[in-house]
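S.K.: below is the structure, and that's it, no one-letter string:
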């Protein structure tokens with residue numbers, strides 16, 4: 001069965017078609033979902049893509065978290081559906097309370113756009129379940145508000161429960177504990193700042209992102225079967 005992926009588009013999103021192309025090339029069936037939608041139950045995976053939802057006014061993701069679709073995404077996640085937030089999507093997930101912590105401006109207040117070495121730290125998420133822990137990847141980052149922060153108790157819980165999904169090998173933005181991506185307790189909701197959808201073609205950005213997206217499609221497909 002083909003895995004069905006809904007890619008949510010907010011006013012200001014700019015990576016939705018990158019995600020559609022990447023997962024389609026890997027064998028999934030992807031559709032754009034407008035932010036006013038109130039039902040995402042037809043999908044096996046929901047992706048919140050990168051960009052600048054609502055212009056990132058107030059805070060990145062602060063307005064998007066009130067979109068009608070986010071109620072549907074929360075219900076979908078509560079039912080065990082796979083949800084992945086990439087870059088701006090990660091910011092939206094934290095603002096919506098689907099993931100802990102927050103994303104703040106990068107250290108040194110610099111916009112970062114560069115291939116970045118990462119390490120897979122946990123296989124307890126839909127995005128990494130079929131990728132061996134310790135695998136090193138190179139994925140592009142493209143953000144100004146990407147520094148992950150949380151309090152000490154939250155960090156201790158994330159580490160103890162193996163919910164730190166990805167870490168930077170050489171921390172580019174000042175994120176606490178080198179964190180590049182985390183999951184919820186169940187592992188079905190994942191947020192990450194790097195862009196796997198921009199690294200699925202050997203001629204454009206490499207293919208390391210395909211490892212993560214293939215894992216996502218496989219795990220979601222098994223759950224839907």
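M.R.: Right, received. Where do you want to start? Being a predicted model, the structure only gives us computed values, none of them experimental. Numbers count the residues shown, from 1 in each chain.
S.K.: low-scoring stretches of this protein, by residue?
M.R.: Scanning the chain with the threshold set as pLDDT under 70 gives 1, 221-225.
S.K.: quick one: the strands in it?
M.R.: Using DSSP state E, the strands found in the chain span residues 4-9, 29-34, 45-48, 82-86, 102-104, 112-120, 136-143, 147-149, 164-168, 179-183, 189-192.
S.K.: elements contacting the longest one?
M.R.: The reference is to strand 112-120. strand 136-143, strand 164-168 (3 or more C-beta pairs under 8 Å, 6 or more residues apart in numbering; DSSP states H and E). Any C-beta I mention is one placed from the backbone N, CA and C, and that applies to glycine too.
S.K.: now those as a markdown table including mean neighbour count?
M.R.: Below are the helices and strands packed on strand 112-120 laid out as a markdown table (neighbours: other C-beta atoms under 10 Å):
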| stretch | mean neighbour count |
| --- | --- |
| strand 136-143 | 20 |
| strand 164-168 | 23 |
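S.K.: for those strands, give me JSON lines that also has distance to residue 158.
M.R.: Output for the helices and strands packed on strand 112-120, formatted as JSON lines (distance: least, C-beta to C-beta, whole Å):
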{"stretch": "strand 136-143", "distance to residue 158": "20"}
{"stretch": "strand 164-168", "distance to residue 158": "5"}
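S.K.: any idea which of these gets closest to residue 181?
M.R.: strand 164-168 (3.8 Å; C-beta to C-beta).
S.K.: and that closest one, what does it pack onto?
M.R.: For strand 164-168, the packing partners by 3+ C-beta pairs under 8 Å, 6+ apart come out as strand 112-120, strand 179-183, strand 189-192.
S.K.: so what strands line up beside the shortest one?
M.R.: Each strand paired with strand 189-192, and its direction, by DSSP bridges: strand 82-86 (parallel), strand 179-183 (antiparallel).
S.K.: what lies in contact with that strand?
M.R.: Here strand 189-192 makes contact (C-beta atoms under 8 Å, 6 or more residues apart in numbering) with 77, 82-87, 89-90, 93-94, 98-99, 125-128, 165-166, 180-184.
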